[in-house]
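Asks: can you look at this prediction? I've put the sequence above it.
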Amino acid sequence: MLKRIKKLDVSGVAVGDIVLFLFFCVAAENFLNGYNFILILRNSCTLLVASIGMTLAILVSQIDLSVGSVVSMSAVMVAILNNAGCPLILTILATLAMGALVGLINGILISKFKLDFWVVTFSTMSIMAGLALVIADGATVSTQNEVLDFIGNGKILGVYTVIWITALVCAIMILVLKKTKFGYNVYSIGGSATVAGVSGVKVVKNRTMVYVLSGIFSAISGIMIAGMTNSGSPTVGNEYTFSAMAAVVIGGTSFDGGKGGIVGTICGTLLLKILASGLSLMGIPSTWQKATIGIVILVLIITDVVSEKRKNIKGLRRVYQDVD
Amino acid sequence: MAMNEENVILKMTGITKRFPGTLALDNVHMTCEKGKVHVLLGENGAGKSTLVKIISGEYTRDAGTIWYDGKEVNFTDVRQAMAAGISMIHQELSLLPERTIAQNIYLGHEPMKKGLNAVIDYKKMVRDSRELLEKLGVDLDPNIQIKKLSIAQKQMVEVVKALSFDVKLVIMDEPTSSLASREIEKLFEIVRKLKKDGVAIIYISHRMDEIKCIGDCVTIMRDGQYIDTVDAATVDLDVLISMMVGRKIEKMYERNYCKPGEVVFETENLTGLRFRNVNIKVRAGEIVSLSGLVGAGRTEIAKAVFGYDPIDSGKVRLMGKEIKRPVPIKSVANGMGFLPEDRKNEGLILPMTISENMVSACLKKIFRNGFLNARKECEIGEKYVEYLKISTPSAEKTVGELSGGNQQKVVIGKWLETGCKFLIFDEPTRGIDVGAKSEIYKLLDSLTKEGYGILMISSEMNEVIGISDRVYVMKEGEITGELNRGDLTQERIMHYAIEGKERINA
């Protein structure tokens, strides 16, 4: 078991999660109870699903800045279409299609036309954020739909629907990355696009696919938000892009690409949410929480990097002694 | 040369390839036969790699025709060439360090589970890899990550990867450059076996001894042009060299040895990440070379003494003064200059002008009260353009537009301006064409006359033998031998580099 955890390469964050969890159990009243635990999980869902798309993008050593505004756009779109009397199933499909389309545009511009991924995804981020504001007329759109509410706030077998959805998405993507050709290609392209290319991997197609998936996951996240809040706010996803990037990188997926995965992102997201929950239960004023979160993340990352560096130097020496 | 038309698998005529600013291939032709090893010979920049990348579909040609396996073909990407049975072993390792050996061997053509179209059968992949590794006599576990292997082991995995599907033509781009003799023998066995199976092989190498050993015929290229194709068994090696270089090799190296002066640079039991117990001494007026195989730790020593990489223990002395924990700024202040191998990224700022690059290591000189003295910058630039005979209309030209040789001269000028007395050259002539090479050698020679001490790291044997006063040979992080000018031969250097200390007396 221990060996398996080490193999996952996320031991650092996982340990960080546990340490923080234990710390808050002692330090924060009401932290250690089942309800709070489920609350943390439930609050993690929307960010986690969005972060999975970001994980894919970072795995191929790129970034999808449009994640957050696709989340907002999706929430708004669900609310407006629902208010317009569109059947929920069509609403959801249309929203997913919108996410996929934004991803496709990102992907084609970046992979096929070799435009810079920063510029492209920054532009689509801006476009989608702006359009969300336009169609929502700058304000939150409330909406009512039983099924939508069930998606956001209902339970199946005593567990929130959003948790089921998130668990399903995570499980599928873990398998996809580990077992399928597409998953292999993602790691190969991230490791070195040149090497992958000369070995016969379809780099353009797979990179495009990564952005399409990222768009779809952002849309799923937005749909869940619309369900949880029974509304669509054009600014609800504003912090998602950077939070997702943080969750992914804290989870050990490197910006160099080709290294890391979904399990790390789950740990990273939980870390952010445990921190937020613990700090507010400790009674730290919300004004101070942001700064505190930043400091804690820095400390954790520095410890992780230092230990990793030590391990690497040892590894180098070992390689070199093996040669003798 | 007589060819048996029936056996021809690949025939190329009139291949031309243009890159921005250079004509990489000019009307080249070549014919390969089944079961034969066709050696492609030429200096760096002769166009060998470009030619084989056109065959493998990585580059597209601008003109010319290729017949392969009886048909005219036009591969536009690697997959098509792979499907047709063309495989390539790359010069720079093309492996993914984070993935396992099995994942790398089957990269791009992973075996799928039956019935499940997109799911990879990892077990089969490992099984097949193990079989393949065994068949080719490579003793490695396919589950190991590539980053845990030595360079020679990686090279062998690269070979296995290239043979992991049905091949008719294998291209090997300097496959032995980082192998020790034992592995080279293993590779040659594989090559002989492939020949027996009727596979055609294009073999690029710099090692003359290999040509006679496994080659059937040799095509020589120079400056992107086809020179000749000859029979490997009967050709005289000196003739090959003169065809490759285009003139007699003696003229290349001009060296007026002078009596060495004071010690300018010295290390004592220096130990770092990839080297240990290194003792090197360089005196004023000397060119001292560090020789050895790629990955022996030569560049790592240079980077450590200059202050890029950390030093674990041992001492570094510059002009007799001990430098504790070297960092680049301290090294420069104490008279050291470093000319890196990757001069386009580490030695120069390509979008800046010659003058701006010249002063980039001594900015203090051109700033007065914090403001740039543009006239002084120009003067310095012009001074070195004249002194180093850099061919450019003006010192205000961008460095990126210069040829490799002239770029190297700019790096030299940059260090001379700092007033240093000791220079480390890492691969001083890599990527520089033949004519400019001899100019660089002349320049090195004149620097020693003026009392500079030079430490040169070079993989080109001729260069090491041609201009060095002394040579230290390294193997796997240790200095295994020191040779004086009189004792320098290719055989002796290779002995120390491959066999180490012990075997040399045997």
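Replies: Arrived safely, thanks for sending. Residues are numbered from 1 along each chain as shown, chains lettered A, B, ... in the order given.
Asks: when you work out contacts or count neighbours from here on, use the C-alpha atoms and nothing else.
Replies: Fine.
Asks: up against chain B, what does the stretch 51-200 of chain A have?
Replies: A:179-182, A:185, A:188, A:191-192, A:195-200 (Cα under 8 Å from any Cα of the partner chain).
Asks: tell me the contacts of B:Asp141?
Replies: Contacts for B:Asp141 were tallied using Cα atoms under 8 Å, 6 or more residues apart in numbering or on different chains; they are B:101, B:130.
Asks: and if we set it to 7 Å?
Replies: B:Asp141 makes no contacts at all, as judged by Cα atoms under 7 Å, 6 or more residues apart in numbering or on different chains.
Asks: just to be sure, it is in a helix?
Replies: No: secondary structure of B:Asp141, determined by DSSP: H, G, I helix; E, B strand; the rest coil: coil, with no helix assignment.
Asks: so it versus B:Arg127, what's the distance?
Replies: In this view, B:Asp141 and B:Arg127 are 10 Å apart by Cα to Cα, to the nearest Å.
Asks: now do the SS call for residue 290.
Replies: All of this refers to chain A. Once three-state DSSP is applied, A:Lys290 turns out helix.
Asks: think we crossed wires, I meant chain B
Replies: Strictly by three-state DSSP, B:Leu290 counts as strand.
Asks: most neighbours among the residues of the stretch 51-200 of chain A next to chain B, which one?
Replies: Compared across those, A:Ser188 has the highest neighbour count, 32 neighbours, by other Cα atoms under 10 Å in any protein chain shown.
Asks: residue 98: which element?
Replies: Going with chain A. For A:Met98, the element it lies in under DSSP states H and E is helix A:88-107.
Asks: wrong one, I was asking about chain B
Replies: Per DSSP H and E, there is no helix or strand for B:Glu98.
Asks: check contacts around it.
Replies: B:Glu98 touches A:259, B:145-147, counting by Cα under 7 Å, 6+ apart.
Asks: give me phi/psi at residue 141?
Replies: You didn't pick a chain, so chain A it is. Here is the backbone geometry of A:Val141 (degrees, to the nearest 10): phi -100, psi 120.
Asks: meant chain B, my bad for not saying
Replies: phi -80, psi 120.
Asks: other residues contacting stretch A:188-207?
Replies: A:59-61, A:107, A:111-112, A:182, A:185, A:257-258, B:58, B:78-79, B:94-96, B:107-108.
Asks: cool, and stretch B:156-173?
Replies: Under Cα under 7 Å, 6+ apart, the answer for stretch B:156-173 is B:85-91, B:105-106, B:133, B:199-205.
Asks: that stretch: how far from the chain's middle?
Replies: Stretch B:156-173 sits 21 Å away from the centroid of its parent chain (Cα atoms, centre = their mean, to the nearest Å).
Asks: quote the end-to-end distance of it.
Replies: 13 Å.
Asks: circling back: pLDDT, secondary structure and distance to A:Lys155 added to the residues of the stretch 51-200 of chain A next to chain B, as JSON lines?
Replies: Below are those laid out as JSON lines (pLDDT from 0 to 100; DSSP: H, G, I helix; E, B strand; the rest coil; distance: Cα to Cα, whole Å):
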{"residue": "A:Lys179", "pLDDT": "92", "secondary structure": "helix", "distance to A:Lys155": "31"}
{"residue": "A:Thr180", "pLDDT": "94", "secondary structure": "strand", "distance to A:Lys155": "32"}
{"residue": "A:Lys181", "pLDDT": "94", "secondary structure": "helix", "distance to A:Lys155": "35"}
{"residue": "A:Phe182", "pLDDT": "95", "secondary structure": "helix", "distance to A:Lys155": "33"}
{"residue": "A:Asn185", "pLDDT": "95", "secondary structure": "helix", "distance to A:Lys155": "37"}
{"residue": "A:Ser188", "pLDDT": "95", "secondary structure": "helix", "distance to A:Lys155": "39"}
{"residue": "A:Gly191", "pLDDT": "92", "secondary structure": "helix", "distance to A:Lys155": "41"}
{"residue": "A:Ser192", "pLDDT": "92", "secondary structure": "coil", "distance to A:Lys155": "44"}
{"residue": "A:Val195", "pLDDT": "91", "secondary structure": "helix", "distance to A:Lys155": "47"}
{"residue": "A:Ala196", "pLDDT": "93", "secondary structure": "helix", "distance to A:Lys155": "44"}
{"residue": "A:Gly197", "pLDDT": "90", "secondary structure": "helix", "distance to A:Lys155": "46"}
{"residue": "A:Val198", "pLDDT": "89", "secondary structure": "helix", "distance to A:Lys155": "49"}
{"residue": "A:Ser199", "pLDDT": "90", "secondary structure": "coil", "distance to A:Lys155": "47"}
{"residue": "A:Gly200", "pLDDT": "89", "secondary structure": "coil", "distance to A:Lys155": "46"}
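Asks: neighbours of residue 297, just the number please.
Replies: Let's take chain A. Counted with other Cα under 10 Å, A:Ile297 comes out at 18.
Asks: other chain: chain B
Replies: 23.
Asks: tell me how far it lies from chain A.
Replies: 10 Å (Cα to the nearest Cα, to the nearest Å).
Asks: that residue touches B:Leu273, doesn't it?
Replies: No: using Cα atoms under 7 Å, B:Gly297 makes no contact with B:Leu273, being 8.9 Å away.
Asks: derive a ChimeraX selection command for the buried subset of the contacts of stretch A:188-207.
Replies: Those of those that count as buried under 16 or more other Cα atoms under 10 Å in any protein chain shown are selected in ChimeraX with:
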select /A:59,60,61,107,111,182,185,257,258 /B:58,78,79,94,95,96,107,108
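Asks: check contacts around residue 33.
Replies: This is for chain A. Contacts for A:Asn33 (Cα under 7 Å, 6+ apart) come out as none.
Asks: you looked at the wrong chain, it should be chain B
Replies: Per Cα under 7 Å, 6+ apart, neighbours of B:Glu33: B:7-10, B:200.
Asks: just these: which has the poorest pLDDT?
Replies: The lowest pLDDT within the contacts of B:Glu33 belongs to B:Asn7, which sits at 86.
Asks: that one: how many residues sit nearby?
Replies: Using other Cα under 10 Å, B:Asn7 has 15 other residues around it.
Asks: ok, now how distant is it from chain A?
Replies: Here the criterion is Cα to the nearest Cα. By it, B:Asn7 lies 28 Å from chain A.
Asks: for the stretch 151-300 of chain A, which segments count as strands?
Replies: Using DSSP state E, counting those that start in this stretch, the strands of the stretch 151-300 of chain A run over A:155-156, A:159-160, A:231-232.
Asks: sheet-wise, list the partners of the first one with their directions.
Replies: Think strand A:155-156. Strand A:155-156 sits in its sheet next to strand A:159-160 (antiparallel), going by DSSP bridges.
Asks: quick one: low-confidence parts of the stretch 201-324 of chain A?
Replies: The stretch 201-324 of chain A contains residues with pLDDT under 70 at A:311-324.
Asks: from it, which residue is nearest to chain B?
Replies: Closest to chain B within the stretch 201-324 of chain A is A:Val201: 4.9 Å, counting by Cα to the nearest Cα.
Asks: lowest-confidence helix or strand of chain B?
Replies: Within chain B, no helix or strand scores below helix B:237-245, which has a mean of 79 by mean pLDDT, DSSP states H and E.
Asks: can you tell me the SS state at the residue of chain B positioned farthest from its centre?
Replies: Distance to the chain centre peaks in chain B at B:Gly115, reaching 45.7 Å (criterion: Cα atoms, centre = their mean). The three-state label given to B:Gly115 by three-state DSSP is coil.
Asks: got the phi/psi numbers for it?
Replies: According to degrees, to the nearest 10, B:Gly115 has phi 90, psi -30.
Asks: same question for B:Lys168.
Replies: Torsion angles, degrees, to the nearest 10, at B:Lys168: phi -120, psi -30.
Asks: gap between it and chain A?
Replies: As for B:Lys168, its distance to chain A is 17 Å (criterion: Cα to the nearest Cα).
Asks: and what of B:Ile329?
Replies: Counting by Cα to the nearest Cα, the gap from B:Ile329 to chain A is 25 Å.
Asks: so what's that residue up against?
Replies: Taking Cα under 7 Å, 6+ apart, one finds nothing in contact with B:Ile329.
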